[in-house]
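K.L.:
fold the following and give me the result.
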Amino acid sequence: MDNLMNILSNLDWSPLFISLKTGVVATGISFFIGIFAAGRVVRTGTRGKAIADGCLTLPMVLPPTVAGFFLLLLFSLKRPLGSFLYSNLGIKIVQTWAGCIIAATVIAFPLMYRNARAAFEQLDPNLIYAARTLGMPEFKIYWRIIIPNSGPGILAGIILTFARALGEYGATSMLAGNIPHKTSTISQRIAMVIQDGDYATAGVWVVIILLIAFGIIVSMNLVAGRNMKNVQRW
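P.N.:
Residues are numbered from 1 along each chain as shown. Below is the predicted model:
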């Protein structure tokens with residue numbers, strides 16, 4: 001017990017704050033891009049839908065290190081885009097917190113997109129037709145009809161996206177590195193202390209991430225429970 005209290009008193013909490021900030025920002029970006037992409041794909045023809053869906057879902061099936069490799073090639077200062085951002089706008093992506101956000105967003109985005117798309121596809125189209133008949137603009141239809149009626153699915157996507165962004169390791173390590181107090185997330189911290197043989201500190205971080213994961217699962221169940229209120233039990 002004394003050993004645990006000693007570890008907690010000396011624990012550097014910056015990885016938790018960095019992970020939470022990264023998860024929140026990545027989730028916010030994924031939300032807006034995800035629902036926009038899902039809406040466009042749902043309205044796309046069959047052939048175009050398959051191609052678009054494959055491209056948007058690809059980061060979910062690729063190993064994170066592969067995605068991180070492509071991001072590193074894209075944003076490296078030796079590459080055109082990375083050099084342009086740094087030379088003209090003073091924006092550096094590699095080994096910065098911005099790199100954490102981009103890596104987490106790319107890896108977690110498909111979860112937001114897939115959940116939003118599934119929610120949109122289950123929406124009753126008569127609601128949209130009725131709104132158009134009443135003369136409601138498309139913008140208002142989207143935010144007042146489609147989004148609220150797809151709420152449970154979108155909320156599930158938000159929760160899963162946050163969870164994935166919070167625990168991202170492979171792509172983040174390759175693009176942002178593991179710089180203490182700057183880009184070191186919980187997952188990276190666990191890997192580092194295990195390499196150093198400090199299993200007690202690693203265990204504390206594992207418990208912290210388990211508690212967060214359990215809270216996410218409970219939130220998911222609560223969202224699903226609201227959707228299943230009217231479903232008859234066996």
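
K.L.:
what's Asp196 sitting at in phi/psi?
P.N.:
phi -80, psi 0 (degrees, to the nearest 10).

K.L.:
that one and Leu58, how far apart?
P.N.:
As judged by CB to CB, to the nearest Å, Asp196 and Leu58 stand 35 Å apart. No exception for glycine: its C-beta is placed from N, CA and C like everyone else's.

K.L.:
likewise Gly215?
P.N.:
29 Å.

K.L.:
likewise Val218?
P.N.:
Applying CB to CB, the value for Val218 to Leu58 is 30 Å.

K.L.:
and the two? which has more neighbours close in?
P.N.:
With neighbours defined as other CB atoms under 10 Å, Val218 and Leu58 compare such that Leu58 has more, 13 against 10.

K.L.:
mind listing what that one touches?
P.N.:
Pro110 (CB atoms under 8 Å, 6 or more residues apart in numbering).

K.L.:
now the helix or strand where it lies: buried residues?
P.N.:
Element membership of Leu58 [criterion: DSSP states H and E] is helix 46-61. By neighbour count with 16 or more other CB atoms under 10 Å, helix 46-61 contains the buried residues Asp53, Leu56, Thr57, Pro59.

K.L.:
just name the lowest-scoring one in these, pLDDT-wise.
P.N.:
When the buried residues of helix 46-61 are compared by pLDDT, Asp53 scores lowest at 86.

K.L.:
from Met112, how far off is that one?
P.N.:
14 Å.

K.L.:
cool, and Leu127?
P.N.:
Distance of Leu127 to Met112, computed by CB to CB: 22 Å.

K.L.:
neighbour count: those two, which is higher?
P.N.:
Met112 (31 against 13).

K.L.:
quick one, phi/psi of that one?
P.N.:
Dihedral angles for Met112 - degrees, to the nearest 10 - are phi -70, psi -40.

K.L.:
ok, it - contacts?
P.N.:
Thr27, Ser30, Phe31, Ile33, Gly34, Ile35, Gly157, Ile158, Leu160, Thr161.

K.L.:
turn the buried ones among those into a named PyMOL selection, would you?
P.N.:
Only the buried entries of the contacts of Met112 go into this PyMOL selection, using 16+ other CB under 10 Å:
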select buried, resi 27+30+31+34+35+157+158+160+161
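
K.L.:
which elements pack onto the helix or strand in which Asn126 is found?
P.N.:
Using DSSP H and E, Asn126 sits within helix 125-133. For helix 125-133, the packing partners by 3 or more CB pairs under 8 Å, 6 or more residues apart in numbering; DSSP states H and E come out as helix 138-141.

K.L.:
mind listing what's buried along the helix it packs on?
P.N.:
Judged by neighbour count (16+ other CB under 10 Å), helix 138-141 contains these buried residues: Ile141.

K.L.:
neighbouring contacts of stretch 62-82?
P.N.:
By CB under 8 Å, 6+ apart, the residues outside stretch 62-82 that reach it are 59, 83, 85-86, 92-94, 99, 102-103, 106-107, 168-175.

K.L.:
filter those down to the buried ones and hand me the PyMOL line.
P.N.:
Only the buried entries of those go into this PyMOL selection, using 16+ other CB under 10 Å:
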select buried, resi 59+85+86+93+94+99+102+103+106+107+168+169+170+171+172+173+174+175
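
K.L.:
which ones among the contacts of stretch 62-82 map onto helices?
P.N.:
Here DSSP state H is the test, and the contacts of stretch 62-82 give 59, 83, 85-86, 99, 102-103, 106-107, 170-175 as lying in helices.
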